[in-house]
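>>> Structure here, sequence nowhere to be found:
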């Protein structure tokens with residue numbers, strides 16, 4: 001890597017690239033849209049139930065964990081499809097393992113949500 005000087009303009013451009021990636025994920029990945037939709041409703045539910053700062057902290061971390069996992073999973077799937085566009089047993093294993101990370105993150109987020117919201121609605 002070349003020794004380049006720090007540039008605010010280049011840093012701002014990197015945010016533009018990240019936002020382009022986020023737009024691509026939302027446009028192309030159905031599960032990502034589902035996760036964002038659920039996150040929206042969880043946030044609304046938290047506002048309605050007036051959860052405390054500690055509960056918000058856990059919810060934000062759980063939501064971020066799920067969405068970040070989904071984005072990484074999507075990137076891995078795109079790389080795998082680029083490397084080997086045809087069906088391939090080894091690529092399938094890679095994609096399945098990557099998807100399992102999203103599943104685990106989602107289960108953890110569900111448990112966090114249940115621990116926060118169930119006592120308030122029961």
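That came through fine. Small disclaimer: the values here were computed from a predicted structure and weren't measured.
>>> Which positions in the lengthiest helix in the chain come out as buried?
The longest helix of the chain (DSSP state H) is helix 89-121. The neighbour-count check on helix 89-121 (16 or more other Cβ atoms under 10 Å) flags 91, 94-95, 98-99, 101-102, 105-106, 109, 112-113, 116-117 as buried. C-betas here are computed from N, CA, C, even on glycine.
>>> Which strands and helices lie in contact with the helix or strand where residue 66 lies?
Per DSSP states H and E, residue 66 falls inside helix 53-83. Helix 53-83 sits against helix 8-28, helix 30-48, helix 89-121, with contacts defined as 3 or more Cβ pairs under 8 Å, 6 or more residues apart in numbering; DSSP states H and E.
>>> Any chance of these in a markdown table with mean pLDDT as columns?
Shown next, in a markdown table, are the helices and strands packed on helix 53-83 (pLDDT from 0 to 100):
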| stretch | mean pLDDT |
| --- | --- |
| helix 8-28 | 92 |
| helix 30-48 | 97 |
| helix 89-121 | 97 |
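>>> nearest to residue 57, of those?
Ranking the helices and strands packed on helix 53-83 by proximity to residue 57 (Cβ to Cβ) places helix 89-121 first, at 10.3 Å.
>>> hang on, the earlier thing: quick one: closest of the helices and strands packed on helix 53-83 to residue 54.
So among the helices and strands packed on helix 53-83, helix 89-121 is nearest, using Cβ to Cβ, at 9.4 Å.
>>> Name the residue closest to the centre of this structure, please.
Centroid check for the chain by Cα atoms, centre = their mean gives residue 67 as the closest residue, at 1.2 Å.
>>> shouldn't that one be in contact with residue 35?
Yes: using Cβ atoms under 8 Å, residue 67 is in contact with residue 35, at 5.7 Å.
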